[in-house]
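**Student:** Let's see this in three dimensions:
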Amino acid sequence: MAHNIYLIGYRCTGKSTVAKILAERSHHYFIDTDGFITGYAGASVDEIVKRDGWDGFRTLERFALGQVAEGEHMVVATGGGVILSPENRELMRRTGTVIWLKARAHVLARRMAGDAMTAEQRPSLTGARVEDEISLVLEEREPLYRMAAHLILETGGLSAEAIAQEIMRQVKGGSLPGL
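**Tutor:** Here you go, the predicted structure:
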């Protein structure tokens, strides 16, 4: 099976934007797991979480990732919590290269403030203020992102274009399998 590329990371790290650029440049298929889930469920992430809770959403996320992982030549933008499942982490590592797009909490808070979709369509994970929520969730998830990742890229000062170029450079240089 051909190698897939999975982009992981917290909300607003640039996963979807970078994945689209990588897919276009490498002639691979782009897929966003949250988009897959919302299309399959016929509801937004927020509606799914309100209706089925986070556990229900995570069940759909495992299903979506399983479907996507069966494909070839994919560049996959995952949801920020995909790494919460050990099965998801193992599946991504087994079927592709996992790249953690990382940003500091203050950068994420700034990006979220400027992203209408995040504010309108993404439910709170903790009920805390945005800055506090980011810090709390990152504290929990950073070890899991690190465990899943083959490569970690700090995105704070980089454009999506520059991040995609760095990934392409590493793949073409042979330090990463994939594209």
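
**Student:** mind listing what the lengthiest strand in the chain pairs with, with the direction of each?
**Tutor:** For the chain, the longest strand by residue count, based on DSSP state E, is strand 96-102. Partner strands and pairing direction for strand 96-102 (DSSP bridges) are strand 4-8 (parallel), strand 151-154 (parallel).

**Student:** how far does it sit from the chain's center?
**Tutor:** Strand 96-102 sits 8 Å away from the centroid of its parent chain (Cα atoms, centre = their mean, to the nearest Å).

**Student:** quick one on the thing from earlier: and of the strands paired with strand 96-102, who's closest to D52?
**Tutor:** Nearest to D52, of all the strands paired with strand 96-102, is strand 4-8, at 22.8 Å by Cβ to Cβ. C-beta coordinates here come from the backbone N, C-alpha and C atoms, glycine included.

**Student:** In this structure Y29 contacts V68, no?
**Tutor:** No. Using Cβ atoms under 8 Å, Y29 is not in contact with V68, being 9.4 Å away.

**Student:** and the longest helix anywhere in the chain, what does it pack onto?
**Tutor:** Longest helix of the chain, by residue count under DSSP state H: helix 45-69. Applying 3 or more Cβ pairs under 8 Å, 6 or more residues apart in numbering; DSSP states H and E, one finds that helix 45-69 contacts helix 33-41, helix 86-95, helix 116-121.

**Student:** picking that back up, make JSON lines from the strands paired with strand 96-102 and add mean neighbour count and mean pLDDT to it.
**Tutor:** Converted to JSON lines, these look like this (neighbours: other Cβ atoms under 10 Å; pLDDT from 0 to 100):
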{"stretch": "strand 4-8", "mean neighbour count": "27", "mean pLDDT": "96"}
{"stretch": "strand 151-154", "mean neighbour count": "16", "mean pLDDT": "93"}
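
**Student:** Redo those as a markdown table? Include distance to R104.
**Tutor:** Formatted as a markdown table, the strands paired with strand 96-102 follow (distance: least, Cβ to Cβ, whole Å):
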| stretch | distance to R104 |
| --- | --- |
| strand 4-8 | 16 |
| strand 151-154 | 8 |
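
**Student:** helix or strand right after the least confident helix or strand in the chain by mean pLDDT?
**Tutor:** Among the helical and strand segments of the chain, the one scoring lowest on mean pLDDT, DSSP states H and E is helix 116-121, with a mean of 56. Downstream of helix 116-121, the next assigned helix or strand under DSSP states H and E is helix 130-148.
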